[in-house]
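**Student:** Provided below are the primary sequence and the corresponding predicted coordinates.
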Amino acid sequence: MIGRAATAPAVTIMFHTPPVWHDDAPALYMLGRVMSARTGKMYLDLVNSKMPHASSVSAMAQSQMYEGAFRVSATARETAAEATAVPLETLEQELWMYIDDAKSTPADPQLLQRIKNSVEAAYLQSLAGTGIAGTLARMEVAYRWQHIEDEYKQRMAVTAADMMRVAKTYLNRDNSVTGVMHRER
């Protein structure tokens, strides 16, 4: 899908994934966190390199009770002349390169451990003070509130092999839709 709007030029690739209660949901969640980490390959290459092509990149899993989605996106870096650093088609090809890499290259163990530490901290903070009400409400809307602890334990048990397996299973061209947004001039 191609669109034009008064917004930054961007590419988004979305994949259909299983619901929040499915056994693959934790691995998809962790894959999104690893792919979009500021110390990960995608961010370092596309945003933080000598010749950056994007001003931001992200990957994330969104799961609800009946279905889920996995999104990989990049906002194109614009030059002083308000042109993109690379054509959006090139940026899309680069995103596919990182998606394909997630299928064949295990995540860096140190990066995965940092992500797990972050997930653990967020989990504990969500249970403190009044934050628990929001956490319970979010999970009750998505599935059932009792799933909070199970979801946390499943995420902490995810391995690099699990993330490669779900990437191979769900992050395929025939299970995707791509949106390209050009800046309207």
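**Tutor:** Cool, got the structure. Residues are numbered from 1 along each chain as shown.

**Student:** what's the burial count for residue 118?
**Tutor:** By the measure other C-beta atoms under 10 Å, the count of residues near residue 118 is 12. C-beta here means a position set from N, CA and C on the backbone, and glycine is covered the same way.

**Student:** Quick one: distance of the helix or strand bottoming out on mean pLDDT in the chain to the chain centre.
**Tutor:** Here the helix or strand of the chain ranked lowest by mean pLDDT, DSSP states H and E is helix 131-142, holding a mean of 70. Counting by C-alpha atoms, centre = their mean, to the nearest Å, helix 131-142 is centred 21 Å from the centre of its parent chain.

**Student:** Check which residues of the helix or strand just after that helix are buried.
**Tutor:** Using DSSP states H and E, the helix or strand that follows helix 131-142 in sequence is helix 147-156. Residues 147-148, 151-152, 154-155 are the ones in helix 147-156 that count as buried (16 or more other C-beta atoms under 10 Å).

**Student:** Helices of this protein, start to end?
**Tutor:** 25-35, 41-46, 88-104, 109-126, 131-142, 147-156, 160-170 (DSSP state H).

**Student:** okay if I get those helices as a markdown table plus distance to residue 69?
**Tutor:** As requested, these are arranged in a markdown table below (distance: least, C-beta to C-beta, whole Å):
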| stretch | distance to residue 69 |
| --- | --- |
| helix 25-35 | 10 |
| helix 41-46 | 18 |
| helix 88-104 | 14 |
| helix 109-126 | 20 |
| helix 131-142 | 13 |
| helix 147-156 | 17 |
| helix 160-170 | 10 |
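
**Student:** Next up, the contacts around the residue lying farthest from the centre of the chain.
**Tutor:** Here the chain reaches farthest from its C-alpha mean at residue 81, the gap being 30.2 Å by C-alpha atoms, centre = their mean. Residues counted as contacts of residue 81 (C-beta atoms under 8 Å, 6 or more residues apart in numbering): none.

**Student:** Cheers, nothing more for now.
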